[in-house]
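>>> output the structure for:
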Amino acid sequence: MFYSDERLALFIDGANLHAATKLLEFEIDFKLLHEEFSKYGKLLRAYYYTALIENDEHSGIKPLVDWLNYNGFTMITKPAKEFIDSQGSRKIKGNMDIELTVDAMELAPHVDHIILFSGDGDFRPMVESVQRQGVRVTVVSTTRSQPPMIADELRRQCDNFIELDTLRKTIGRSSRK
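Purely as a prediction, here's the structure:
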């Protein structure tokens, strides 16, 4: 539930949202997402968090990062770390949980409602903290994927849960295969 006079902020965990939409087989049209959530109140900030592989000129995320940066989103990025796991496979790590949490807690005194696009249970303490400051929190994720992308503890903590799949017609476009 949203109130038209609320000051809103979007916090998008890019990797988590990408994984959820991939499982649901649709892509987000971020222009439509921004327009849709601007209707829910006064959208003060829209943050998008992602790790980037340095020196990867062929990265599919770079055009999205550039577009978002010029179209109303604040981009929060950091270099991803590459490593070889114990089986000898190349792995990439780029967790943005701390950055998102710090930003949400700093912005909490200036907003009425935070919309978190992530199902990561690690965000439960952050949600609880901003709620203690009087901020309502809506989480956007999915239970309809296999496996579900929303942690039970996060869903129980938030004030409102929006099933990502129900937004498909509003903010989605069909996946390119």
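
>>> do a quick rundown of the helices in this protein.
Here the chain has its helices, by DSSP state H, at 14-24, 30-38, 61-70, 97-107, 124-132, 152-157, 168-171.

>>> just confirm Glu82 contacts Ser89, I think it does.
No. If you go by C-beta atoms under 8 Å, Glu82 and Ser89 don't touch, sitting 11.2 Å apart. Where C-beta positions appear, they are placed from N, C-alpha and C, glycine not excepted.

>>> what about the two, which has more around it?
Using other C-beta atoms under 10 Å as the criterion, Glu82 and Ser89 rank with Glu82 on top: 13 against 8.

>>> which stretch among the helices of the chain comes nearest Ile76?
Among the helices of the chain, the nearest to Ile76 by C-beta to C-beta is helix 97-107 (5.4 Å).

>>> tell me which other helices or strands the closest one touches.
Packing contacts for helix 97-107, counted by 3 or more C-beta pairs under 8 Å, 6 or more residues apart in numbering; DSSP states H and E, involve strand 7-13, strand 42-52, strand 74-79, strand 113-117, helix 124-132.

>>> contacts for it?
The contact list for helix 97-107 (C-beta atoms under 8 Å, 6 or more residues apart in numbering) reads 9, 11, 13, 44-45, 47, 49, 76, 78, 114, 116, 118, 120, 122-123, 126, 129-130.

>>> residue ranges in this protein under the pLDDT threshold?
Applying pLDDT under 70 to the chain flags the ranges 55-59, 174-177.

>>> 90 instead?
Residues of the chain that meet the criterion pLDDT under 90 lie in 1, 51-65, 79-95, 173-177.

>>> now Trp120: how far from Thr74?
Quick fix: residue 120 reads Asp, not Trp. Distance, Asp120 to Thr74, by C-beta to C-beta, to the nearest Å: 20 Å.

>>> which one's more surrounded, those two?
A direct count of neighbours by other C-beta under 10 Å for Asp120 and Thr74 places Asp120 higher, at 20 against 14.

>>> pretty sure that one sits against Leu154.
Yes. The pair Asp120 / Leu154 is scored as a contact, 7.0 Å apart, by C-beta under 8 Å.
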